[in-house]
Structure formats: C-alpha cells, structure tokens
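# Here is a sequence together with a model predicted from it:
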Amino acid sequence: MTQHNGHTGQERIGVYVCHCGSNIAGTIDVEAVALWAAEHLNHRGVVVARDYKFMCSSLGQELIEKDIQELGLTRVVVAACSPHLHEQTFRIACQRAGLNPYLCELVSIREQASWVHTDKKAATEKAKAIISGGVERVVWHAPLEPLRVPIHPATLVVGGGIAGIQAALEIADAGFPVYLVEREPSIGGHMAQFDKTFPTMDCAACILTPRMVSVGTHPNITLLTWSEVMEVQGYVGNFTVTIRKKARYIKEDLCTGCGICQEKCPKKVIDEVFEAGLGYRKAVYTPFPQAVPKYPVIDRENCTYFQKGTCRACEKLCPTEAIDFEQTDELLTVQVGNIILATGFDILDARRIGQYGYGRLANVFTSLEFERLSNAAGPTNGQIVLRDGVTQPQTVGIIHCAGSRDRNFNNYCSAICCMQSLKFAHLVRERTGATVYNFYIDIRTTAKAYDEFYQRVLDDGAILIRGRVAEVTDAARLPGEEGKLIIQVEDTLAGKQRRIPVDMVVLSVGLEPRHDAKEVAHRFGISCSADGWIIEKHPKLDPVATMTEGVFVAGCAQGPKDIPSTVAQGAAAAARVLARIQQHEIALEPVRASVDESKCSGCRICNGLCPFNAIIFHEDRMVTEINPALCQGCGTCVAACPAGAISGTVFSNEQVLAQIEGLLLDVARRAPAPEPAPV
Amino acid sequence: MSDSFEPILIGFTCNWCSYRAADLAGTARVKYPPNIRLLRLMCSGRLDPTFVLKALASGADGVLITGCHPGECHYLEQNYKALRRYLLLRRMLAQMGIEPERVKLVWASAAEGVKLAQEITDMVEEIRALGPLNWPQRHNGAAPHADEKAVKEGTA
C-alpha cells in the first residue's frame, strides 16, 4: 500500500456539478452541492466547484478546460451521469486543456441519486457523499496512456441468415476477409423458408438467393456451414476463434452438387428444420435446392450405412467419388479482429399454448408451417391445404400475438406478427378464396408502406376481429360446428362472445431468443436481457455494439424485428467493424495489473487465479510477473496478494480505499481508521 | 437504537453487470432508498475483503457486494472467487463480533435493474432492523458490542 502515484497532497481539484436540465437539478440541490464542495472539500484540495446546466455541452466542457488552464487544476471530478455515457467526453475535454485524461473522474449522481430517489434532502446529501468519494479517489489517479492494440483485418460473422449475409457482404465488398459461420448445412436462415415478404409481396427466394450466391462465390468470404464456434479467446482486435467444422461426409473439393446422392438415397426423413416438420428430406441432403454451398451433408443419425453398416448407395452412385464416410469433425482456428453475432431467433413452441390446441388438433398450424405450405417450393407446392394434404380450407382463422404480449409466455411484442398475419390473410384470399378471420389485440403496422398493406388486406375481404382468442376447440355445441375447429373469442368491438367455426387455424407464434442464446452470449463474453435477447450497448444510440469491445450484434439476436430492420442492422454492424479495421488500431482502457517484484514473496497464491493465463511465475527468481498483453484487468489477483505486491491501474487499493473514506465522510467518526493491510 | 436510525450502506458493483443494473434502475426511474452509496470495481473478484472492513471501519452499517450471476462472469469465473472470499469473510466477521448479515452478496446482471433496486431496498431494511454497527472508531469511548481487540487484530 505504499505505491506513490503522484499523491503529493497538493493537488488542485475542480468539481463540476451538472444540472442535466432538471434530470439532476429536479431532485438534487446542485447549487448547494457545489457550494458545499467548495467549502467542505477545500482541505482535500478542491479549489473550485461549479454547477452548470449541461456539463456535457460544449460550453460546459469549455468551463472545465478554462479552469484547468487558468487555475492550474491537476484533477477534475465531474458529478453528472453514468461514466458509461460521458466518461470519454470529459476525459477528452481534460486532454484538450493539457491534463492527462485519466486524471478526470466522472461520478454518477443521476443514475445513482436523482433518478432513483424522491427525498430531495437525502438525495442531495448522497450526492455530496458521492462527490466526496470521487474527490478522495481522484487524488490517487495517475496519468496513464491508453493501451493501443492493432486490429486484425479479418471479421467473424456468426449466423448466415439475412443479417449475417448482409454484414458479411458489406465487409467483404470493402475488401476485407470474412469468416461466415453457419450451424445449418446452408446459409439463408429463416428468410429462405418464407414464400412472400411483406408488404411488397416479393418472393423471398428471388431476393435472397442472389445474395446467398454472392456470399458463396465472394473471394473475401470463407464460408463455413455445418460449423459452430466452440471457443473465443482474446480481446478486441485480436480474437482467436476455434470453429468446429462438423463432418459432412462429402469431399467438398470433388462434389459438384449434382444431387444424384439425394435422389438415390433410400432413406426418407421428416425435415423438422427447413420444412418445419411438414415435408421430407433424404438422409443425405441439402435443405433446399438453392442451398449455398451446394454440397449436401449426410445426417449420421438417419443414414442407413452409419446406423446399420450397409447401403453406401450414395457412394456407389456418386459420379465424382465425393462421398467419404471416414470424414471426421475438424477444428479450425482463425484470427479475427471483430465479431458480428447474427444468430437469429427461434419461434415459440406452440404446444406451450395449450388452449390453442397445436399438436392436439390436426388443423392448427404455426406461422412457420404456413410459410412452408404457401411456398411454391414447399411440401405442397404452394397449395394451402389441411393436414390431410388435399382438402382446401373454406374458412381460415389467423390468431395474432400467439404467445406474445402475454404474461404467461412473453411480455414483449414480437414485432412481425401483425404484418405476417395480414400477409397470410392476403395469401389465403388470393389462392383459395376462403373466408379469413384475423383475431388481433391491436394492429401494429408502423413501418413504411405497412399500413397501406393493411388497408389492402381489408379490401381483399379479410375479416378482422379485435379480441384475444380464448380457446380453439373441436367440441361442437351449435349447429354448423361439427367437424370444424371452433374459435372462442370475445369480440371487443361488438362487445360480445363469439364462436367462429373454421377449417384451419394459423397461430402467429411469437419470436424467441435461440434456445442456446445465453450459452452463446457467454462464449462471446456478452450478456442477454432477462428475456434472453442480446443486450446492445445503448438501446437507441448504439444498437449494434455490445458491452464487449469488438463484439457486435445484428438482426433478431438483439430482439424481434422485420427483414428491413434486420438488413439495416447487418449493414450497420458491418460499418462499425469497417471503421475499426480502417483505423488499424484501437485504444483500450489501461486497466491492467502489475507486480512489484521487490515486494513479491513468491508465495504463488495469485498464480492459480487468472483465467487468462496472464500470470507467469519465474522459478529462478521466485517472483511472479503479469503479462500485460493477456491481462484483462479484472483485479482478482490484486485482491488476493497478501504482500500487496500486485497493483491494478485505475482500480488500485489506494483509489478504492480512499473512495470508501470519501463516501463515508459525513458519517460521524472520531479519527481516520488505521490503514488496514490486505487480509 | 432510535426510530430515526438511517443506516448507511456501501455497495460494491461490478463494471459489467451490477453497475449497469444500477444505471438501468436509474434510466427506468426505479426507486430505492438513498441509504446506499455505490462504488465501481471492474469485477467482484477485485473485491479485497479489506475493502469491506474498511467500509465498516469508516462508518458503514452494512456492505452489499454485487456481481455477475454464476457462469456469467465477464472474466469467466472471477465471481466464484468473490463468493469464496465472501463466505470466509462472513465467518471472520462473526468471530469479530459483527453480525455476518451486515455483509451480503447478491448477483445482478446488467438487465436486472429492478432486482438490484429490490435487493438494496431489502438490505437497507435488514440493516435498519439490526441497528447501527458500533464500530469502535465511530464513537468516543468504549465499543458497546464488538470486541475491540478482535477488531484490531482483524484489521491490523
């Protein structure tokens, strides 16, 4: 605890208290706080304390800069919002005035006081304590230089849906290498399963497949399908990623994608993924004809050869001898500077909504099943028919918000279901002429040309009923209900209960985070909200960055959204990455631990604590050293060192202990506590 | 203990989860009592037990330690080390004559602003019920509850 980092006892500190309009000043008496700081913290080195309407404004910053130059300030404490918002602003202001940016401390009296407390007196007293803590702490700050690390020009994009495709193409077109990793045998994601896209009703395949082909042929894109990211090490600019390339049992260099193996394979399997359980594929398959890459995979679980030891029909008939049953999973290690996560969504399991009868009543379909039914390349060649595969429905009920905006399932709005349901209504009207009922809570058609589409569907003759459906049942009670599915609903516009018999029910099921979203987020060192969506750095101003430097998010992994927004986010994430790559290097917080070898006793207590292997023990000298390139700055070793030989910059013992004292300045105390040694 | 006793708590937060939960509580205007003063560390693993003792010795009546949920540590596993130290520290506090309940560890992710506010509210009430921590240095004269010698040994 005797590290001398410039604490001379003669610091000249400026304290700046922000009103933040009325955000802070509405609850905290900011003028009184500033006056108090000038008077009562004077003996701690505060030479000036001011309050100002908006410290972050250019005038506010100039105020600080002027004081630094005219009053010779050596430390600055700004009491305003969270350092996660404006720490950089004030550091840069200090730097402009010639003060090392790390000699500035931003303490939060908005998020931690004015916004969370209602008692004005108590909030004002707390603000004083927070500022006192900041003043005591800043004395121990040392001038630092940011760590500069080079940015590797390659990027990893995880997920080959439209978000990942867009991001990969933007970066690759700019001339930088991209690794695109996709779990399924082909890229395309959910969009490849759709027939038409709202509101323009373009065919999804027509607009998506050219992009997929561009990805497949792009010289800058290394496409790794049927692959998963196993491990991520390192930090922004310098990630080492281990990717498991699952065995396809197909030699990619020999396969021409002719499709003979798929044709000849005797084993038919229900396709639960791409066809949503409505269609079949073979044990050797590509999910759909336009799949990129063109190489099929052999599904080991269902392949007759793998299960029974005989067959090998594909091997015998392959004209290029591309089948290789001996292939094994491959582990690839790649270096990248940035990562974009575009891992998409799952749909809610409709079986969970017991009252809607999915899985029990044959003619209740999910939205994804309906997409496949209506798709010209789908299992029914685009015929909208009942589960028997032949009968056209005469009446169809489409239930919006199935599992969304519902406390029993998900509180959030899934954003796409209104438009999707209206699209379904339009398709049913167009293709079958059946009577269509849409059951909605509210119609949310907010994006460009969406409400016009809603009007068009109304003009098509779809019947919209406002009310949350209570139940879908096959128990007929009234004449005309036999053999039908009856939708029981309160029509809240007519103000009465209705029973509407239909032949087919489509549930517009909500979007959910991927079932393994939390696991994936942890692998990449980022976090998910309570719902499971990846948390962005700022919900409005930084929607594609995450809290972890160098890891970005795009598309539905961040929250439910439609295709236009997904594409926009893919491009936005790419733009952020490109800006990084073009800077060649990035400045990082110099939060690192270091060992004072003269104090290290060689006890090795710290040696086992570092998960990044940054701690090295020198047997010859019996001392420990920390590799600053590997250290991530968590400080666990600093806290463990019994000799106090390890120090952590930005969060040193002196800084923390001083801040504690400062925070408790107002608490009656006879004398300062003796300085404790580490326990 | 008078009815007007307002406890003072120090809260240690992790830069990656609970500090952001506190920010989120603020942004969402979730209310909690003003009795807690928060301090940011990079990780709950940075928490030297000395910091807790320092806070208690400097006048805090309780200390709330917060970190990422198990398995979600930004630094992979350092919150487990915080947990180990916390469990040892509680045993030590008991030996020093300090109610171990004055120090509490809770997990709060960056999304759990409401949870963090609730934990703070609960702990302030728990400490209020326990009464002031009569750490020797806070009052002139003798220490009514704590064994002064043990305290000195624990901090020396």
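On my side now, so go ahead. Residues are numbered from 1 along each chain as shown, chains lettered A, B, ... in the order given.
# what pLDDT does residue 31 get?
Defaulting to chain A. Here, the pLDDT recorded for residue A:31 equals 97.
# Chain B is the one I meant
97.
# And the one 3 residues further on, by the same measure?
Residue B:34 is assigned a predicted lDDT (pLDDT) of 97.
# With the one 5 residues further on instead?
The confidence metric pLDDT takes the value 97 at residue B:39.
# Could you give the number of residues near it?
22 (other Cβ atoms under 10 Å in any protein chain shown). C-beta coordinates here come from the backbone N, C-alpha and C atoms, glycine included.
# before we move on, what SS does it have?
Three-state call for residue B:39 (DSSP: H, G, I helix; E, B strand; the rest coil): strand.
# Enumerate the beta-bridge partners assigned to it.
residue B:12 (DSSP bridges).
# Could you do residue A:271 as well?
Applying DSSP bridges, one finds that residue A:271 bridges with residue A:279.
# which residues touch it?
Going by Cβ atoms under 8 Å, 6 or more residues apart in numbering or on different chains, residue A:271 touches A:277, A:278, A:279, A:280, A:281, A:285, A:287.
# And the pLDDT for the most centrally placed residue in chain A?
For chain A, the residue nearest the mean C-alpha position is residue A:534 (2.8 Å; Cα atoms, centre = their mean). Looking at residue A:534, its pLDDT is 92.
# Also residue B:75?
Looking at residue B:75, the pLDDT reads 86.
# Check residue B:145 too.
At residue B:145, the pLDDT recorded in the model is 44.
# The nearest residue to residue A:645 once chain neighbours are set aside: neighbour count?
Closest residue in space to residue A:645, ignoring its immediate chain neighbours: residue A:599 at 3.6 Å, by Cβ to Cβ, 6 or more residues apart in numbering or on different chains. Neighbour count of residue A:599, defined by other Cβ under 10 Å: 15.
# The one 5 residues further on now?
If you count neighbours by other Cβ under 10 Å, residue A:604 ends up with 12.
# and if you look at residue A:584?
With other Cβ under 10 Å as criterion, residue A:584 counts 12.
# so what's it up against?
A:150, A:151.
# Look up how far chain B lies from it.
26 Å (Cβ to the nearest Cβ, to the nearest Å).
# For the residue nearest to residue A:645, give me its contacts.
Applying Cβ under 8 Å, 6+ apart, the residues near residue A:599 are A:643, A:644, A:645.
# ok, so of the residues you listed, who is nearest chain B?
residue A:644 (9.5 Å; Cβ to the nearest Cβ).
# my guess is the closest one meets residue A:654, correct?
No - assessed by Cβ atoms under 8 Å, residue A:644 is found out of contact with residue A:654, at 10.4 Å.
# what number of residues lie near whatever residue of the stretch 201-350 of chain A ends up closest to chain B?
Here the residue of the stretch 201-350 of chain A nearest chain B is residue A:233; by Cβ to the nearest Cβ that distance is 10.4 Å. Other residues lying near residue A:233 total 13 when counted by other Cβ under 10 Å.
# For it, which three-state class applies?
From three-state DSSP, the assignment for residue A:233 is strand.
# where's residue A:436, which helix or strand?
Using DSSP states H and E, residue A:436 maps to strand A:435-440.
# likewise residue B:80?
helix B:78-95.
# now the angle from the helix or strand that that helix is followed by to helix B:78-95?
Remark: after helix B:78-95, the chain's next helix or strand is strand B:103-107, criterion DSSP H and E. If you take axes from the mean of the first three to the mean of the last three Cα atoms, to 10 degrees, strand B:103-107 sits at 160 degrees to helix B:78-95.
# Give me the below-cutoff pLDDT ranges for the stretch 451-600 of chain A.
For the stretch 451-600 of chain A, applying pLDDT under 70 flags no range at all.
# That one: helices as residue ranges?
Ranges of helices in the stretch 451-600 of chain A, per DSSP state H, counting those that start in this stretch, are A:517-523, A:563-583.
# Would you convert the ones you listed into CSV that also reports distance to residue B:103?
What follows is the helices of the stretch 451-600 of chain A, written out as CSV (distance: least, Cβ to Cβ, whole Å):
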stretch, distance to residue B:103
helix A:517-523, 28
helix A:563-583, 42
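# Kindly compare burial across those helices and name the winner.
The highest average neighbour count among the helices of the stretch 451-600 of chain A, using mean count of other Cβ atoms under 10 Å in any protein chain shown, belongs to helix A:563-583 at a mean of 21.
# what's that helix packed up against?
Helices and strands touching helix A:563-583, by 3 or more Cβ pairs under 8 Å, 6 or more residues apart in numbering or on different chains; DSSP states H and E, are helix A:162-173, strand A:338-341, strand A:551-553.
# Please identify which of these is closest to chain B.
Comparing those by Cβ to the nearest Cβ, strand A:551-553 comes nearest, at 11.7 Å.
# any idea how far residue A:427 is from residue A:197?
12 Å (Cβ to Cβ, to the nearest Å).
# Check residue A:524 too.
Counting by Cβ to Cβ, the gap from residue A:524 to residue A:427 is 38 Å.
# from what I can see residue A:426 touches residue A:457, true?
Yes - judged on Cβ under 8 Å, residue A:426 makes contact with residue A:457 at a distance of 5.1 Å.
# ok, the two, which is more surrounded?
Using other Cβ under 10 Å, the more surrounded residue of residue A:426 and residue A:457 is residue A:457, with 23 against 20.
# quick one, phi psi at residue B:73?
Residue B:73 adopts backbone torsions of phi -60, psi 140, taken as degrees, to the nearest 10.
# contacting residues around it?
Contacts of residue B:73 by Cβ under 8 Å, 6+ apart are B:43, B:44, B:45, B:67, B:79, B:80.
# Surely the fifth one is in contact with residue B:68?
Yes - using Cβ under 8 Å, residue B:79 is in contact with residue B:68, at 5.2 Å.
# Give me the nearest residue to residue A:61, chain neighbours excluded.
residue A:93 (4.1 Å).
# what pLDDT does the one you found get?
For residue A:93, the model assigns a pLDDT of 97.
# what stretches of the chain score poorly on pLDDT?
This is for chain A. Residue ranges of chain A with pLDDT under 70: A:1-9, A:668-679.
# that's the wrong chain, I wanted chain B
Along chain B, segments meeting pLDDT under 70 span B:1-3, B:136-156.
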